Structures are given as C-alpha cells and as structure tokens.
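[1] have a look at this prediction, sequence included:
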Amino acid sequence: MSKETILIVDDEEDIIELIKYNLKNEGYAILTAMTGEAAIKTAKHSRPDLIVLDLMLPGIDGLEVTRHLKKNDDTMDIPIVMVTAKGEESDVVTGLELGANDYLSKPFSPKELIARIRAILRRRQRTIPGEPPRIRQEGDMMIDRGKHVVTIENEAIDLTLSEFDLLSFLADKKGWVFTRGQIVDAIHGENYAVTERSIDVIIVGLRKKLKHYSSHIETVRGVGYRFKES
C-alpha cells in the first residue's frame, strides 16, 4: 500500500470527508485544511507528497495558495491537483502557469482523482537515487533534470514545473514535431483533461523567459511545436 501523504484543502467538510475516505482506502496518509492560510501553514510544516487544492476558498483562494507555495523553496516541488467548481478555463490556465500539475472540475469521480494522483506521484519517482543528473547543454543554456533547473549564461531561469517539463521534453526530442495533445500526454500523462490553449500559454511564458534562446522553440503551423535542431 502507498505511504505518501496527501494534503486535502477544501472549505466543505463533506468534500474533505469523501476525498479522505477514498484516499485512505488506497493507503495514503491524509492531512486536511479548510482555508488557504491553513493550507500554506500545513504544507510548510508537514511537507506532504501532494496537495489536492480547491480553488474556491475563503480568504486566500487556491490560486494565491499555489502562487505562494511555488515561490517558497521548501514547498515549490510539492505537486498540486487543483479542484474547481467554476469550470472556467481562465482559472485552469492561471493555475497551470503558476506551477500546478493537474486539475479536476466538480463534481468528479474519486477514482479519477486517485488515478491522477497516482500518475503524478509515479512521475516524481522516475529519478533513481544515485543516478547522475541528466544534463543537456545547448550553447549557453543548460537543462539540468537532476536539479530541476535551467540556466542561461550561468543565470538560473525561474520556470514553472510545466514550463520546465515542456522544455525538457522538446529538447530531448530535438527536431521532432509534436502536437499539443502529444505534449500534454508527455508531460502530464494520458487522458489529461486540459485545453490545447493552455499549451500555447505555457509556450508563450516559456519563450519570454528563455530570452534569445526563445527561437529554439519553433511553431510548426497547423501541427504543433518542436525544439530547433542546431
């Protein structure tokens, strides 16, 4: 059975109990919080393996919680699954830009939530302890998978998790063209329910941060994107 710890953040007790019941049956340890402030405090203190975060919270909302956690060195690597009742694309895109890993719209199936959580935690475990960091050098740009950092001319670039994963994926397959759907499957897992527009948004943000290396990410009209061959 799993022993990872999941933090559930929601202001509705019934929702918390439903998620808690299903996750405990899968062997996960559970922490809970009903406000954004409590979520931040618990995340910093307990360092859960993953956070299930409702976006509609009293006080500090879920997007602000995500923004805060992703800017903090102690919590920036904790995966976040957003839960929204709004169903508004703008909230989803904003959350992904801030570094959230996945999202579900209410009402959702507990089985689907569990599947998303398992997929995210499996991806986190892909790096084998003791294995040399996978480093890719492109001129003065270095992509270090081990340290999860990108530097340009020895200066660290502040990327979200989605931006880093997307850049790493394209750079590893230099010259290959991928559709938006293929990119989603590669960096988030199959059957990830996200709009193609969110990939475009991530690309726009990534290009801005890559400065003169932005031209390495090429748009192939009518198809998708690729990392330019030298």
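    Done, it's in.

[2] C-alpha only now, for contacts and for neighbours.
    Noted.

[3] strands of this protein, start to end?
    Applying DSSP state E to the chain gives strands spanning 5-9, 29-33, 50-54, 80-84, 102-105, 135-138, 141-144, 149-152, 155-157, 178-179, 217-220, 224-227.

[4] rebuild these as a markdown table, extending it with mean neighbour count.
    A markdown table is the format used below for the strands of the chain (neighbours: other CA atoms under 10 Å):
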| stretch | mean neighbour count |
| --- | --- |
| strand 5-9 | 24 |
| strand 29-33 | 19 |
| strand 50-54 | 25 |
| strand 80-84 | 23 |
| strand 102-105 | 22 |
| strand 135-138 | 14 |
| strand 141-144 | 18 |
| strand 149-152 | 18 |
| strand 155-157 | 13 |
| strand 178-179 | 18 |
| strand 217-220 | 17 |
| strand 224-227 | 21 |
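
[5] what's the closest of these to residue 164?
    Of all those, it is strand 149-152 that lies closest to residue 164, at 7.7 Å by CA to CA.

[6] residue contacts, the spatially most central residue of the chain?
    Among the residues of the chain, the one closest to the centroid is residue 101, at 2.4 Å (CA atoms, centre = their mean). Contacts for residue 101 were tallied using CA atoms under 8 Å, 6 or more residues apart in numbering; they are 79-82, 120, 161-162, 188.

[7] if we go to 6 Å?
    79-81 (CA atoms under 6 Å, 6 or more residues apart in numbering).

[8] can you pull out the low-pLDDT segments for this structure?
    1-2, 86-89, 123-134, 188-196, 230 (pLDDT under 70).

[9] using the record's assignment, carve it into domains.
    Using automatic domain parsing, the domain ranges for the chain come out as 5-124, 135-227.

[10] figure out how far the longest one is from the centre of its chain.
    Taking CA atoms, centre = their mean, to the nearest Å, one finds domain 5-124 lying 11 Å from the centre of the chain it belongs to.

[11] burial of residue 39, as a residue count?
    For residue 39, the count of nearby residues is 25 (other CA atoms under 10 Å).

[12] let me know whether it touches residue 32 as I believe.
    No - Residue 39 is not in contact with residue 32 according to CA atoms under 6 Å; the separation is 7.8 Å.

[13] find residues that contact each of those two.
    Counting by CA under 6 Å, 6+ apart, nothing touches both residue 39 and residue 32.

[14] tell me how far residue 56 lies from residue 218.
    Look at residue 56 and residue 218: by CA to CA, to the nearest Å, they are 37 Å apart.

[15] correction: the previous question concerned residue 185.
    As judged by CA to CA, residue 185 and residue 218 stand 19 Å apart.
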